[in-house]
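Student: got a predicted structure plus its sequence, pasted below:
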Amino acid sequence: AQSVSQHNHHVILSEAASLELGCNYSYGGTVNLFWYVQYPGQHLQLLLKYFSGDPLVKGIKGFEAEFIKSKFSFNLRKPSVQWSDTAEYFCAVIISSGSARQLTFGSGTQLTVLP
Amino acid sequence: DSGVTQTPKHLITATGQRVTLRCSPRSGDLSVYWYQQSLDQGLQFLIQYYNGEERAKGNILERFSAQQFPDLHSELNLSSLELGDSALYFCASSPRLDTQYFGPGTRLTVL
């Protein structure tokens, strides 16, 4: 079965620091990749997604991610974080099988940005 | 606001009881997905419906069931509730089989 690994469970940064959150998946075929963010007490919001094409994808709020097929990775980056980026970040993958399209999530990374 | 609505927001009930969670997808979205978020299990896929038909099953217990109605709203039924069923239950919807948009969730507390 496919799995998604997020190795950083909790990341603490100061404002203006650069961010990189790791995400690795285990599946050798075609995948669709996503990063979702969950602000405290809120629902999951889509940050960005990769289906095909340019492996460097840009999302909302200045986030970007790079798909590296050879490393089975889809790391999330932001050059300069803000206090309002404090949230939990989830990497997810869809392996399509006919019309079954369930998301498999990583365990999440809690990001705390200190003012 | 994703356009996906879920009711109720909070639900407190006792062990052994049965509850129904409701989800209204975004207008035009044919697929509905249910996920459970708990501290020990993380975010786990439960079940997917597409235009009224079950399409995929994940880690859904036999005590749980779901359906999608002709107007595309969905209900998740949880029965014989146990303490360990306490969690956030999210619904998501997508147009056809595309990106999933999540609702605000229902927080279930089983006492």
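Tutor: Thanks, I have it.
Student: contacting residues around the host helix or strand of residue A:37?
Tutor: Using DSSP states H and E, residue A:37 maps to strand A:32-38. Residues outside strand A:32-38 that contact it (C-beta atoms under 8 Å, 6 or more residues apart in numbering or on different chains) are A:23, A:25, A:44-51, A:59, A:63, A:65, A:67, A:74, A:76, A:87-94, A:96, A:103, A:105, A:108, B:99, B:102. Every residue, glycine included, has its C-beta placed from N, CA and C.
Student: check the offset of the following helix or strand past that strand from the chain's centre.
Tutor: Scanning forward in sequence from strand A:32-38 by DSSP H and E, the next helix or strand is strand A:44-50. Centroid separation for strand A:44-50 versus its chain: 8 Å, with C-alpha atoms, centre = their mean, to the nearest Å.
Student: can you check stretch A:105-115 too?
Tutor: 10 Å.
Student: so of the contacts of strand A:32-38, which ones are in strands?
Tutor: For those, the ones inside strands are A:25, A:44-50, A:65, A:67, A:74, A:76, A:87-94, A:103, A:105, B:102, with DSSP state E as the criterion.
Student: which residues does the residue nearest the centre of chain B bridge with?
Tutor: Nearest to the mean C-alpha position of chain B, counting by C-alpha atoms, centre = their mean, stands residue B:34 at 3.6 Å. Per DSSP bridges, the residues bridged to residue B:34 are residue B:47, residue B:91.
Student: that one reaches residue B:78, doesn't it?
Tutor: No - using C-beta atoms under 8 Å, residue B:34 is not in contact with residue B:78, being 10.4 Å away.
Student: list buried residues within the contacts of strand A:32-38.
Tutor: Buried by 16 or more other C-beta atoms under 10 Å in any protein chain shown: A:23, A:25, A:44-50, A:59, A:63, A:65, A:67, A:74, A:76, A:87-94, A:103, A:105, A:108, B:102, out of the contacts of strand A:32-38.
Student: tell me the secondary structure for the residue of chain B found nearest chain A?
Tutor: Using C-beta to the nearest C-beta, the point where chain B gets nearest to chain A is residue B:56, with a distance of 3.5 Å. Judged by DSSP: H, G, I helix; E, B strand; the rest coil, the three-state class of residue B:56 is strand.
Student: if it is in a bridge, with which residues?
Tutor: Beta-bridge partners for residue B:56, by DSSP bridges, are residue B:48.
Student: check residue A:11 too.
Tutor: Bridge pairing for residue A:11 - DSSP bridges - gives residue A:111.
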